[in-house]
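Q: Take a look and give me a structure for this.
(one chain, ligands or ions: 2)
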Amino acid sequence: AAKDKANVTLLARRDEAAAECRRTGRNDAVLPGIPLPPRLVYSSQADALEDADIVLFAMPSQAHRDAARSYGPAIGASAVVVTCAKGMEQSTGQLLTDVLEEELPGRRIGVLSGPGFAADIASGLPTAMVIAAPDTAIATELAEVLSGRTFRLYPSADRTGVQLGGALKNVLAIACGIVEGAGLGDSARAALISRGLAEMSRFIVARGGEADTVRGLSGLGDLVLTATSHQSRNLRFGIALGKNGRAAAGSSELVEGAFAASVAARVAGALGIEMPVTEAVAAIVDGKLDVRSALEQLMSRPITHE
Ligand SMILES: NC(=O)C1=CN([C@@H]2O[C@H](COP(=O)(O)OP(=O)(O)OC[C@H]3O[C@@H](n4cnc5c(N)ncnc54)[C@H](OP(=O)(O)O)[C@@H]3O)[C@@H](O)[C@H]2O)C=CC1
Ligand SMILES: O=C(CO)COP(=O)(O)O
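A: Ligands and ions are numbered 1, 2, ... in the order given. All right, here's what the predicted structure looks like:
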């Protein structure tokens, strides 16, 4: 009951965005036509963060460091800061939890990830995701506070596995889009999902995450959703690449996998991990490889055990 009375503020970085949401009770720029909870408060002033027990960073991965620097002074010392983004910092290859820990010293940092489109969640469609925190007690408390009648969170102490699942599935969704756009068939998509999951697993375990996490909502769950739903921006970006050999003109949509592909390929190279699908996506996105050559490379790799 207490959480039904919790005060929730949506902090926008622009005054006009907050004013428009306040006026309409919706955020039509990104969630057109979906009414937002009437109790939601809108602000564009960082001091709205001062009394917050939980601060959710719902913004692109590459914005995290700057946003932490600018909002950090307003965030209380005992607040839990949770990243909702799915990516790694491109310039450093760092996990977002590491970026936030560096920029917000002393604050406890969590991760919210898993299969869930914002529009589905805001429309009250049933959704299950994972919340990871430095320890199980904090994760469980966050799961209890943030879950609702149609939104169910599973606690985890594996912040590395949970956030890397979200970052890497975006790269694989681009690969599945390329396959769809190039008309390579559903069998190829299924192969990519399972071989992609194997890549994800190698990377996550090498970075200190747990193999069990890969098989859960934030790994396999989110990979299946993003690799098959046309609601996914990463899948749509891949479809355009597969159809035309390039991204759709004029789209300013956020495509996290386009950043994560080169970071993951670079880090995998440094760690000596084989990630052929991720490497192919990075090369295609960077314009260094065409789809047909990528396919030939993948199909002519030496035969190995699954
Ligand atoms: N959309 C979805 O369904 C889901 C998204 N995610 C993840 O959440 C993250 C954000 O995605 P999404 O919300 O769709 O992205 P959007 O492109 O809609 O960006 C979200 C908000 O971030 C703000 N923003 C951008 N840069 C900064 C900055 N430097 N400082 C502060 N705020 C900033 C934008 O503000 P402005 O409006 O002023 O530009 C915008 O309101 C991504 O990592 C994505 O993978 C995860 C699950 C589902
Ligand atoms: O992560 C998501 C759903 O779980 C959103 O995917 P896109 O960023 O590809 O739209």
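
Q: Near ligand 1, which residues of the stretch 151-300 of the chain are found?
A: Contact residues, the stretch 151-300 of the chain versus ligand 1 (Cβ under 6 Å from any ligand atom): Leu254, Glu256. C-beta here means a position set from N, CA and C on the backbone, and glycine is covered the same way.

Q: Going along the chain, name the helices of the stretch 151-300 of the chain.
A: 159-181, 186-206, 211-214, 222-228, 233-244, 256-271, 276-285, 291-299 (DSSP state H, counting those that start in this stretch).

Q: can I get the ones you listed in a markdown table with mean pLDDT?
A: Below are the helices of the stretch 151-300 of the chain laid out as a markdown table (pLDDT from 0 to 100):
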| stretch | mean pLDDT |
| --- | --- |
| helix 159-181 | 97 |
| helix 186-206 | 96 |
| helix 211-214 | 98 |
| helix 222-228 | 97 |
| helix 233-244 | 95 |
| helix 256-271 | 97 |
| helix 276-285 | 96 |
| helix 291-299 | 89 |
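
Q: Could you chop the chain up by domain?
A: Structural domains assigned to the chain are 2-158, 160-299, following automatic domain parsing.

Q: Could you give the separation of the last one from the chain centroid?
A: Same thing as domain 160-299. When C-alpha coordinates are averaged (Cα atoms, centre = their mean, to the nearest Å), domain 160-299 and its chain have centres 13 Å apart.

Q: How about Ser113: what's its closest non-neighbour residue?
A: The shortest distance from Ser113 to any residue that is not its chain neighbour, by Cβ to Cβ, 6 or more residues apart in numbering, is 4.0 Å, and that residue is Gly166.

Q: and that neighbour, what does it touch?
A: Ala85, Lys86, Gly87, Val111, Ser113, Gly114, Ser218, Asp222 (Cβ atoms under 8 Å, 6 or more residues apart in numbering).

Q: out of these, what pair is the most spread apart?
A: When Cβ to Cβ is used, the two most widely separated members of these are Gly87 and Gly114, lying 14.8 Å apart.

Q: Find the centremost residue of the protein, please.
A: By Cα atoms, centre = their mean, the mean C-alpha position of the chain lies nearest to Lys86, the distance being 2.0 Å.

Q: My read is that it contacts Phe259, right?
A: No: counting by Cβ atoms under 8 Å, no contact exists between Lys86 and Phe259, whose distance comes to 10.2 Å.

Q: Need the residues touching each of these two.
A: Shared contacts of Lys86 and Phe259, defined by Cβ under 8 Å, 6+ apart, are found at Ser61.
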